[in-house]
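> Let me see the structure of the following:
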Amino acid sequence: MNLASFLLGAGAQRPAQSALRSPATLSYEEMFERVSGHARALAAEVQPGERVAILAGNDDAFALAYLAVLAVGAIAVPLNPAAPDAELGRQLDVVEPAIVVCGPGLAQRNLPGVDPSRVRALSDVHAAGDTTEAFTPVERQDDDLAVLLFTAGTAGAPRPAMLTHGNLRANIEQVQSHPSTRRLGDDVVLGVLPFFHIYGLNVVLGVGLASGSTIVPVAHFDPVVTARVVADERVTVLPAVPATFRAWVDASPDAVPPDSFATVRLAVSGAAPLPAEVEDEFRRRFGVAVHDGYGLTETAPVVTTSAVDSTPRPGSIGAPLPGIEVRLVDAQGAEALAGDPGEIWVRGPNVFAGYWRDPDATAATLVDGGWLRTGDVAVADDDGFLRLVDRIKDTIIVSGFNVFPTEVEDVIRARADVAEVAVVGIPDARTGERVKAFVVPEAAATPTLADIQSWCRERLARYKCPVEVDVVASLPRGLAGKVLRRGLRS
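Numbering: from 1, shown residues only. So this is what the prediction gives:
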């Protein structure tokens, strides 16, 4: 089944139900009509299996473009619309899209390496489509690719993860198969998570649409404004990241009153560990328990959640969803002993197909038996609930977003006054981690924090830019000459 048909199936049974409030309300019936128009236009110039990049914010434009791309059998490549042109240019060069579909105000961007004739404003695509007849989604098999999403992979360099129609549908069904995580047709889901991120794409949009819920997209997060949206729209499901919950906790009671989240029946956190004190303060102040979870882009994304139990367990990322197998493996490749830490391995129909045009990285991640090596280390309690204890990979997580040290290092190293550089993540009370760079300057050079930040902001998304820069004489290295990042974190 084409994922688009699956996502729109529940809404077809209740066409008058609100699908999106963004801020104007779009019913499921209106969504079907507009997706048909977009798909009919796209089908005239895009073949099944070709890539279509989507550059849009959290709004109806993204949702419509995503569904239309899936419907024509093409592969959706959601990209961060706030990323600098240079970063987008690198990503577009990797995936080689047939066209780039842009949301409002974004089609005028000068995208490096992209012929302007291949850039489409979503409004123009819709105008070219005939909406008088429903578009029948192109038949797709479970192993056909649906989405490419840039992620860290095993080596810490950004590369597109290949998610199939079956992967994405499987994880939605896994969420929906447990009574404590299931979305209902009368739920109202907050869409504050970026739709270009797997958490927002499949947990908010995917599960929300497939259940026939109403989604309330938020274009830009502000704790006071968004809390008011939750109250005004009577939001019942609140998916967010730790930094978002912390921002609500840190806001003054006058700005975010205690009853702001009174309608919420399910609050879930993911993409980074949820500090116990944030969960405790949110529950104490607003009367809502926040369930922590764990997932990866490569698992579409949810693996575990504490929501499978009625009460959150401080420090726990929960137990696996139905249909997902998890094992903890020690350094010798054997099952970790009870109570001992082990690398999390995952198996299930939600596990991705590999990395785009990168067989070596794929082989290092997907091992015999269909197991995915996550690079994350956990311990399990007697009930099978997991607690993260370490990360094998050097990925930095800033407000739920992955930052890959090698990508930042490559950008900084390109400066004429920098001889060597190493980037690490250091704890941050607000964002979980922040980026810090250690720079070895060229002889007689004196690069400053302002110099490095200005340089990076022209080439990287803002959350990837160093907040701190230390100028050092040398970098710590092991016997083989590899930079020891752990020595820089201490």
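
> P314: neighbour count?
13 (other Cβ atoms under 10 Å). To be clear about C-beta, it is placed using only N, CA and C from the backbone, and glycine gets the same treatment.

> and G200, how far is that from V346?
21 Å (Cβ to Cβ, to the nearest Å).

> tell me the domain ranges of this protein?
Following automatic domain parsing, one gets these domains for the chain: 3-286, 396-489.

> what's the most buried one of these?
Of all the domains of the chain, domain 3-286 carries the top mean neighbour count, a mean of 20, counting by mean count of other Cβ atoms under 10 Å.

> list the helices and strands the top helix by length along the chain packs on?
Secondary structure of the chain per DSSP state H: the longest helix is helix 28-43. Contact here means 3 or more Cβ pairs under 8 Å, 6 or more residues apart in numbering; DSSP states H and E; on that basis helix 28-43 packs against helix 3-12, strand 18-21, helix 60-71, helix 122-128.

> just how off-centre is it within its chain?
25 Å (Cα atoms, centre = their mean, to the nearest Å).

> List the contacts of that helix.
Helix 28-43 is contacted from outside by 4, 8, 11-12, 14-20, 26, 52, 63-65, 67-69, 71-72, 74, 99, 101, 122, 125-131, 133-135, 137-138, 212, using Cβ atoms under 8 Å, 6 or more residues apart in numbering.

> wait, which of the domains of the chain is closest to A363?
Among these, domain 3-286 comes nearest to A363, with 9.6 Å by Cβ to Cβ.

> Surely D381 is in contact with R387?
Yes - with contact defined as Cβ atoms under 8 Å, D381 reaches R387; the gap is 7.4 Å.

> more crowded one of those two?
Set D381 next to R387 and count neighbours by other Cβ under 10 Å: R387 wins out with 18 against 13.

> what pLDDT does the spatially closest residue to F352 that is not a sequence neighbour get?
Once flanking residues are discounted, F352 sits nearest to E298: 4.4 Å by Cβ to Cβ, 6 or more residues apart in numbering. If you check E298, the pLDDT there is 96.

> re earlier: just put the helices and strands packed on helix 28-43 in CSV and tack on mean pLDDT and distance to L337.
Formatted as CSV, these follow (pLDDT from 0 to 100; distance: least, Cβ to Cβ, whole Å):
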stretch, mean pLDDT, distance to L337
helix 3-12, 95, 40
strand 18-21, 96, 49
helix 60-71, 97, 44
helix 122-128, 74, 54
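
> Adding distance to R40, write those out as TSV.
Converted to TSV, the helices and strands packed on helix 28-43 look like this (distance: least, Cβ to Cβ, whole Å):
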stretch	distance to R40
helix 3-12	13
strand 18-21	19
helix 60-71	9
helix 122-128	8
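
> can you tell which of the ones you listed is closest to A255?
That would be strand 18-21 among the helices and strands packed on helix 28-43, by Cβ to Cβ, at 22.8 Å.

> what packs against that closest one?
Judged by 3+ Cβ pairs under 8 Å, 6+ apart, strand 18-21 is in contact with strand 25-27, helix 28-43, helix 60-71, strand 214-217.

> Can you classify N58 by secondary structure?
Under DSSP: H, G, I helix; E, B strand; the rest coil, N58 falls in the coil class.

> Now do the contacts for it.
By Cβ under 8 Å, 6+ apart, the neighbours of N58 are S22, G191, V192, P194, F195, G200, P217, V218, A219.

> swap the cut-off to 10 Å and go again
Applying Cβ atoms under 10 Å, 6 or more residues apart in numbering, we find N58 in contact with 22, 81, 103, 191-196, 200, 204-205, 215-221.

> for the stretch 151-300 of the chain, what are the low-confidence residue spans?
Applying pLDDT under 70 to the stretch 151-300 of the chain flags the ranges 152-157.

> can you give me the strands for it?
Under the criterion DSSP state E, counting those that start in this stretch, the stretch 151-300 of the chain contains strands at 159-164, 188-191, 214-217, 237-240, 266-269, 290-295.

> mind giving me TSV with those strands and columns for distance to P312?
Compiled in TSV, those are given as follows (distance: least, Cβ to Cβ, whole Å):
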stretch	distance to P312
strand 159-164	28
strand 188-191	19
strand 214-217	24
strand 237-240	14
strand 266-269	9
strand 290-295	5
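
> So for S260, which of these sits nearest?
Of all the strands of the stretch 151-300 of the chain, it is strand 237-240 that lies closest to S260, at 10.6 Å by Cβ to Cβ.

> Using PDB, list the CA coordinates for that closest one.
The C-alpha trace of strand 237-240 is given here as PDB (Å, rounded to 0.1, in the frame of the first residue of the first chain):
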ATOM      1  CA  VAL A 237      -1.600  15.000  22.800                       C
ATOM      2  CA  LEU A 238       1.600  16.900  23.400                       C
ATOM      3  CA  PRO A 239       4.700  15.500  21.700                       C
ATOM      4  CA  ALA A 240       7.800  17.600  22.300                       C
END
